[in-house]
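Chemist: What follows is a protein structure lacking sequence information:
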């Protein structure tokens, strides 16, 4: 095979792809295998549709338009969510520019990996909301109750005031633990993810929660041998989803159902409860990028969402009148 790209491109850390003006990939450098898991031959045999992650906002037609515009002389830069050979999603910044090589006209595509950058950005947004809202509000409670204690030393209400201070301090401690979990997760690279049987993790987490809350009935409705590419974030998302379903459940006989099935290319884990349901305002706040605070589950929901999105998935929350809420965790399935 005659090489068109100069040999210097083979030593670059980022992916370089040479497209024909019609969008056909003609050549690429070895970085495709290191970053995406495709050999050069596999990558060149792949279509644009093969590379697109399941929930990518930019589709094949849009990428083709970008390539055509670049072929016409207009440089193009955009962020694109693609997938590795094993199905794991990755964020890249793509720069397309026209280039003349060996008397031919081509489009040069450069792919810079943005996955770690995106993860750090999400972490900073979440930690900012935690510090600005939750910690500040809890500390205000402590200060206010302490002031009341000072004014009511001989008041019979003092015991209750002390109990409120104790409960709030415990909540702050749990909040700090959650932030510490997120700090550890964000330092992990995608290379630390492993092919994992989702069912095994679900069973392990469910058993742990059953030991902590023996008064709660937990029912499993799951299938065997379903694999995903995850790190500790999957376990953390499950723990918070189940804990939220239990801690805010005021039913006389609290009941949690955990189910798992396949939807297209995804694994969907659903955690359903028979509690009062999550208020719509909190669901709306989460979808709009804010941290919901009223229900008390706000930070937990944000952690579930953050962990799931960092693994290339998404969450869905549904509240059913008189039957509680269902939190669905959707992640890409791998072979």
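Modeler: Good, I have the coordinates. Owing to the predicted nature of the structure, the values given are computational and were not obtained by experimental measurement.
Chemist: Just the helices from this structure, written as ranges.
Modeler: Per DSSP state H, the chain carries helices over the ranges 31-36, 40-45, 48-51, 60-71, 115-129, 136-151, 158-186, 198-212, 232-247, 280-287, 298-310.
Chemist: can you redo those as CSV with mean pLDDT, distance to residue 20 and mean neighbour count?
Modeler: C-beta here means a position set from N, CA and C on the backbone, and glycine is covered the same way. Shown next, in CSV, are those (pLDDT from 0 to 100; distance: least, Cβ to Cβ, whole Å; neighbours: other Cβ atoms under 10 Å):
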stretch, mean pLDDT, distance to residue 20, mean neighbour count
helix 31-36, 88, 17, 19
helix 40-45, 90, 11, 15
helix 48-51, 87, 13, 17
helix 60-71, 93, 9, 18
helix 115-129, 76, 28, 15
helix 136-151, 72, 56, 13
helix 158-186, 69, 40, 14
helix 198-212, 92, 41, 16
helix 232-247, 89, 40, 22
helix 280-287, 75, 41, 16
helix 298-310, 81, 35, 23
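Chemist: Can you tell me which of those is nearest to residue 259?
Modeler: With Cβ to Cβ as the criterion, residue 259 lies closest to helix 198-212 of these, at 9.5 Å.
Chemist: Redo the helices of the chain as TSV? Include distance to residue 8.
Modeler: Formatted as TSV, the helices of the chain follow (distance: least, Cβ to Cβ, whole Å):
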stretch	distance to residue 8
helix 31-36	13
helix 40-45	16
helix 48-51	25
helix 60-71	21
helix 115-129	25
helix 136-151	53
helix 158-186	34
helix 198-212	43
helix 232-247	38
helix 280-287	46
helix 298-310	34
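Chemist: if we compare those, which one ends up closest to residue 108?
Modeler: helix 60-71 (8.3 Å).
Chemist: So what touches the closest one?
Modeler: Here helix 60-71 makes contact (Cβ atoms under 8 Å, 6 or more residues apart in numbering) with 19, 21, 23, 47-49, 52, 76, 78, 80, 94, 96-98, 105, 107, 109.
Chemist: Could you do stretch 97-106 as well?
Modeler: 4-6, 18-21, 26, 70-73, 75-76, 107-108.
Chemist: which among those residues end up buried?
Modeler: Buried subset of the contacts of stretch 97-106 (neighbour count, 16 or more other Cβ atoms under 10 Å): 5, 18-19, 70-71, 76, 107-108.
Chemist: what's the lowest-pLDDT member of those residues?
Modeler: Note: of the buried ones among the contacts of stretch 97-106, the lowest pLDDT belongs to residue 5, at 75.
Chemist: which residues touch it?
Modeler: With contacts defined as Cβ under 8 Å, 6+ apart, residue 5 is in contact with 16, 18, 27, 29, 101.
Chemist: Make a markdown table out of those and add distance to residue 306.
Modeler: Compiled in a markdown table, the contacts of residue 5 are given as follows (distance: Cβ to Cβ, whole Å):
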| residue | distance to residue 306 |
| --- | --- |
| 16 | 32 |
| 18 | 37 |
| 27 | 38 |
| 29 | 33 |
| 101 | 43 |
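Chemist: Any quick ChimeraX command for the buried ones out of the residues you listed?
Modeler: Only the buried entries of the contacts of residue 5 go into this ChimeraX selection, using 16+ other Cβ under 10 Å:
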select :16,18,27,29
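Chemist: Closest one of the contacts of residue 5 to residue 36?
Modeler: Residue 36 lies nearest to residue 29 out of the contacts of residue 5, by Cβ to Cβ, at 11.7 Å.
Chemist: pretty sure the closest one is touching residue 18, no?
Modeler: No. The pair residue 29 and residue 18 fails to qualify as a contact (Cβ atoms under 8 Å) at a distance of 9.2 Å.
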